[in-house]
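# Sharing a model prediction with you, sequence too.
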Amino acid sequence: MGLDLQVLVKHKAVEAEGICSFELVAIGGGPLPPYEPGAHIDVQTPGGLVRQYSLCGDCADGQSYRIAVLREANGRGGSQAMHDRVREGDVLSISPPRNLFALADDEAPILLLAGGIGITPILSMAIDLKRRGKAFQMHYFTRNRSRTAFRDLVGSADWASCAQLHHDDDASSQIDVREVLAAASSLAHVYVCGPAGFIDAVLGHARDMAWPEDRLHREYFAPVAVDTDGDSPFDVVIASTGRVIHIPANQSVLSTLTSAGIDVMASCEQGVCGTCLTRVLDGTPDHRDSYLTPDEQARGDQFTPCCSRARSPRLVLDL
Ligand code: FES
């Protein structure tokens, strides 16, 4: 998605240890493209890396976007640039919002689970659900109070009674996520966002409890860790032309195709956003993304060429 929207950084604030929020408005004022809870925008960070950030404000606002950024000490520098180099009054290039984590449009109960910076889309959902009079429960897990972004906002919201905060360093606040799931209706939609380990634990427990897969919704912020030691080369066939492209062991499909002059839209290049999703017509993908669901991965008819590879000697791509 193009970064063709220019916005002004109206306000920057420290929300917690290592977490800054940014309020973005249209240059010259006026409305911004609308969004639904769970949506995110792509942001070109100073230095050029493009990163996805969930919109964490009130989607009914219409005039501003709010994002919150966790400083990733071991990242590639996108979040550090947002913290260190973006100031109030700066202009940022962003994409229009898009939503890969939308709330279901039915009457089933809703359970919102946030781990750390995963609060961002969950917060927007809670605000919207309250406004629409829909019942929900929210559990927000963090390491400690000082790393809990939007703690005061959650505590003073008119939906505060629906939210519980749990801190690793406070035994009295802790709860096993299995208890949370057991207390919820097994018909509930579960929305979980946060670090991969947190999401995987929630989904694992829910699946153990035979939760229906279509009621489990998750959004990863970071790529899953993959052992690349055993990577081997393979061929990609471009279905429209029959051209065969050799993918070396140490290069991604995306970068190899780009070098060969074949354009594939991409954004995060980490298997998180789904922008590069490409149909697979033949062959077996080796999925390394955190975007597709396990069922979608098992079908094997699409993959993310920015990070995924092949289990078969060749993949035929619908390009
Ligand atoms: S570019 Fe984001 S998943 Fe491939």
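On my side now, so go ahead.
# what's the closest non-adjacent residue to residue 311?
Nearest residue to residue 311, sequence neighbours excluded (Cβ to Cβ, 6 or more residues apart in numbering): residue 284, at 4.3 Å. Glycine gets a C-beta too; all of them are placed from N, C-alpha and C.
# ugh, typo on my part, it should be residue 127
Counting by Cβ to Cβ, 6+ apart, residue 127 lies nearest to residue 58, which is 5.0 Å off, once chain neighbours are set aside.
# now do residue 123
Per Cβ to Cβ, 6+ apart, closest to residue 123 is residue 56, 4.7 Å.
# Report whether that neighbour is found in a strand, as I expect.
No. Secondary structure of residue 56 (DSSP: H, G, I helix; E, B strand; the rest coil): coil, not part of a strand.
# Just give me the neighbour total for it.
By the measure other Cβ atoms under 10 Å, the count of residues near residue 56 is 25.
# same deal with residue 279?
Using other Cβ under 10 Å, residue 279 has 12 neighbouring residues.
# Check residue 4 too.
9.
# Please list the residues of this structure that sit near the ligand.
266-269, 271-276, 289, 291, 304, 306 (Cβ under 6 Å from any ligand atom).
# So what sits opposite the residue nearest to residue 175 when sequence neighbours are not counted in the bridge?
Leaving aside its sequence neighbours, residue 175 sits nearest to residue 166 (Cβ to Cβ, 6+ apart; 5.5 Å). Note on residue 166: beta-bridge partners by DSSP bridges are residue 141.
# Do a quick rundown of the strands in the stretch 101-250 of the chain.
110-115, 136-142, 163-167, 189-194, 216-220, 234-238, 244-247 (DSSP state E, counting those that start in this stretch).
# how about the following helix or strand past the shortest one: buried residues?
Counting by DSSP states H and E, the element after strand 244-247 in chain order, helix or strand, is helix 253-259. Buried residues in helix 253-259, counted by 16 or more other Cβ atoms under 10 Å: 253, 254, 256, 257.
# Looking at those residues, which two lie furthest apart in space?
Greatest spatial distance among the buried residues of helix 253-259 (Cβ to Cβ): 254 and 256, at 7.3 Å.
# Now do residue 1, the pLDDT please.
On pLDDT, residue 1 comes in at 57.
# Number the chain from 732, please
Happy to do that; since the first residue is 732 now, the last one works out to residue 732.
# Which single residue of the stretch 732-881 of the chain ends up nearest the ligand?
Residue nearest to the ligand within the stretch 732-881 of the chain (Cβ to the nearest ligand atom): residue 783, separated by 8.1 Å.
# Point out the other helices and strands that whichever helix or strand that residue is part of packs with.
Using DSSP H and E, residue 783 falls within strand 781-785. On a contact count with 3 or more Cβ pairs under 8 Å, 6 or more residues apart in numbering; DSSP states H and E, strand 781-785 meets strand 770-775, strand 795-801, helix 809-816, helix 850-862.
# contacting residues around it?
734, 769-776, 798-800, 809-810, 813, 832, 851-852, 855, 924, 950, 952, 998-999, 1003-1004 (Cβ atoms under 8 Å, 6 or more residues apart in numbering).
# change it to 6 Å
Strand 781-785 is contacted by residues 771, 773, 774, 775, 776, 798, 809, 851, 852, 998, 999, 1004 when judged by Cβ atoms under 6 Å, 6 or more residues apart in numbering.
# For those residues, work out which two are farthest apart.
Using Cβ to Cβ, those span at most 20.5 Å, a distance reached by 775 and 852.
# out of those two, which sits in the more crowded spot?
For residue 775 versus residue 852, neighbours defined as other Cβ under 10 Å are more numerous around residue 852 (27 against 16).
# Let me see the backbone angles for residue 830.
Dihedral pair for residue 830: phi -120, psi 110, per degrees, to the nearest 10.
# Report the beta-bridge partners for it.
Beta-bridge partners of residue 830, as defined by DSSP bridges: residue 770.
# Burial check on residue 792, number of neighbours?
16.
# Kindly provide the distance from it to residue 994.
In this view, residue 792 and residue 994 are 35 Å apart by Cβ to Cβ, to the nearest Å.
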